[in-house]
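Peer 1: Fold the following.
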Amino acid sequence: MIMDSQSCNGGLIGSLNRVSESMKSALKNRAELATLELKEEKSRLISAAVWGGIFIFAALMALVSITFTLLFYFWNQKLYVAIGLSAFCLIGALVAFILVKRRLKTPMPFAETIAQFKKDRAWLRG
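Peer 2: This next block holds a predicted model:
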């Protein structure tokens, strides 16, 4: 039995070509998803860093202004005012640390890409 080139292209070689194209398409989609998630993560981190810097600068300026104002106003009790302001600053720093730590607890980066790769691996295994 002799196979002509038409049946050969539709047979094993054609199937291999289709599988190859499907794999290329799947890899391309996964790479696009990873790139998109990387851009989103980068944007989120830059935004957090910029706003964090603005917050730190503004908070320090306000704290210095309030400290000098209170020290000049209560000059006779300057030691007590300084101790009170130090305690206030320490408590504020602890609260800010807790809030920043909570804010940075986000879902795992690239979670969607990893999930898609797990689905692909499960599909390939059967």
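Peer 1: element containing the most centrally placed residue in the chain, please.
Peer 2: Ranked by distance to the mean C-alpha position of the chain (C-alpha atoms, centre = their mean), the top residue is residue 41 at 3.9 Å. Assigned by DSSP states H and E, residue 41 belongs to helix 12-73.
Peer 1: ok so, going back, quick one: the residue nearest to the centre of the chain and residue 119, what's the gap?
Peer 2: Plainly put, residue 41 is 21 Å away from residue 119 if you go by C-beta to C-beta, to the nearest Å. The way it works is simple: take the backbone N, C-alpha and C, and place the C-beta from them, glycine included.
Peer 1: what does residue 109 give?
Peer 2: Residue 109 is 18 Å from residue 119, by C-beta to C-beta.
Peer 1: So for these two, which sits in the more crowded spot?
Peer 2: With neighbours defined as other C-beta atoms under 10 Å, residue 109 and residue 119 compare such that residue 109 has more, 14 against 10.
Peer 1: So the more buried one sits against residue 39, correct?
Peer 2: No. In this structure, residue 109 is not within contact of residue 39 by C-beta atoms under 8 Å, at 11.7 Å.
Peer 1: still on that earlier bit, got phi/psi on the residue nearest to the residue nearest to the centre of the chain when sequence neighbours are not counted?
Peer 2: Spatial nearest neighbour of residue 41, excluding adjacent residues (C-beta to C-beta, 6 or more residues apart in numbering): residue 109 at 5.1 Å. Backbone torsions of residue 109, given as degrees, to the nearest 10, read phi -60, psi 140.
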